[in-house]
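Participant: Provided below are the primary sequence and the corresponding predicted coordinates.
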Amino acid sequence: MKYVFLAIFILSTTVHLYASLKKETKLRNITKPFLLLSLLGFYVLAARSPAAAVILALFFSWLGDVLLMPKGIKWFTAGGIAFMISHAFFIAGYWPDVVFSRIPVPLIVLLAAFFAAAVAFIFSKLKPHLPKALFYPMFLYLLINGAMNCFAIFRCVSNPTAATLTTAIGAALFFVSDTALFFVRFKKDGRLKTHFLVMLTYSIGELLIVLGLL
């Protein structure tokens, strides 16, 4: 049964990516709710002992997807809050596998500095295009995404395996997806004109996170 859910995820993702590329909003809205819902079903059935934190992380990712579908700043904010909660639960899901005694302090400082600098650079490009009320909330959101990435890397350093590396790569793709989404939504004269890259990196990222956690 778990493979049925995985097949639904792959099929709905493929159709959704096509719709994103062709800017077919109706088809995007029809397929989008199935992405994380099917991935959540796959995780629950595939995991020997499903972690509550991971289930909640996937649920709030799904909720974020749904809330981002309608247009408007309020819906965008609500979706961002849902994804912020999702990142917090992903951190909680990684936490049991993190052994801080195995992580060099310079690496912790370097990762924190890297993501802080990356977020600052991204928002230096976005600032002229953002509503003032959203600048700091979005800045904080992407920092939390960066923190989620840090913990995925900490987990990988604590126990360097193909699984932990897979999750870390997935987390990085999630960061790329969020960054791309901000540019698509707010920088109308930018190179990114569709949600294709946003959803490609997002769907692969979430899948890799789940596979690594399994």
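Facilitator: Great, that's in hand.

Participant: name the SS class of the residue nearest the centre of the chain, please.
Facilitator: Closest to where the C-alpha atoms of the chain average out (Cα atoms, centre = their mean) is residue 174, at 3.6 Å. Secondary structure, DSSP: H, G, I helix; E, B strand; the rest coil: residue 174 is helix.

Participant: what packs against the longest helix along the chain?
Facilitator: Taking DSSP state H as the criterion, the chain has its longest helix at helix 132-158. Judged by 3 or more Cβ pairs under 8 Å, 6 or more residues apart in numbering; DSSP states H and E, the packing partners of helix 132-158 are helix 73-94, helix 105-126, helix 162-186. Heads up, the C-betas are built off the backbone N, CA and C, glycines and all.

Participant: okay if I get those as TSV plus mean pLDDT and distance to residue 36?
Facilitator: Listed next are the helices and strands packed on helix 132-158 as TSV, based on pLDDT from 0 to 100; distance: least, Cβ to Cβ, whole Å:
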stretch	mean pLDDT	distance to residue 36
helix 73-94	96	9
helix 105-126	96	24
helix 162-186	96	12
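
Participant: and of these, who's closest to residue 201?
Facilitator: Nearest to residue 201, of all those, is helix 162-186, at 4.0 Å by Cβ to Cβ.

Participant: now for the helix or strand that the closest one is followed by, which elements pack on it?
Facilitator: Downstream of helix 162-186, the first helix or strand assigned by DSSP states H and E is helix 196-213. When contacts are defined as 3+ Cβ pairs under 8 Å, 6+ apart, helix 196-213 sits against helix 2-21, helix 25-46, helix 52-67, helix 162-186.

Participant: can I get those in CSV with distance to residue 194?
Facilitator: Converted to CSV, these look like this (distance: least, Cβ to Cβ, whole Å):
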stretch, distance to residue 194
helix 2-21, 6
helix 25-46, 10
helix 52-67, 17
helix 162-186, 7
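
Participant: among the ones you listed, which is nearest residue 192?
Facilitator: Checking these against residue 192 by Cβ to Cβ gives helix 162-186 as the closest, at 4.8 Å.

Participant: now the angle between helix 73-94 and the closest one, please.
Facilitator: If you take axes from the mean of the first three to the mean of the last three Cα atoms, to 10 degrees, helix 162-186 sits at 170 degrees to helix 73-94.
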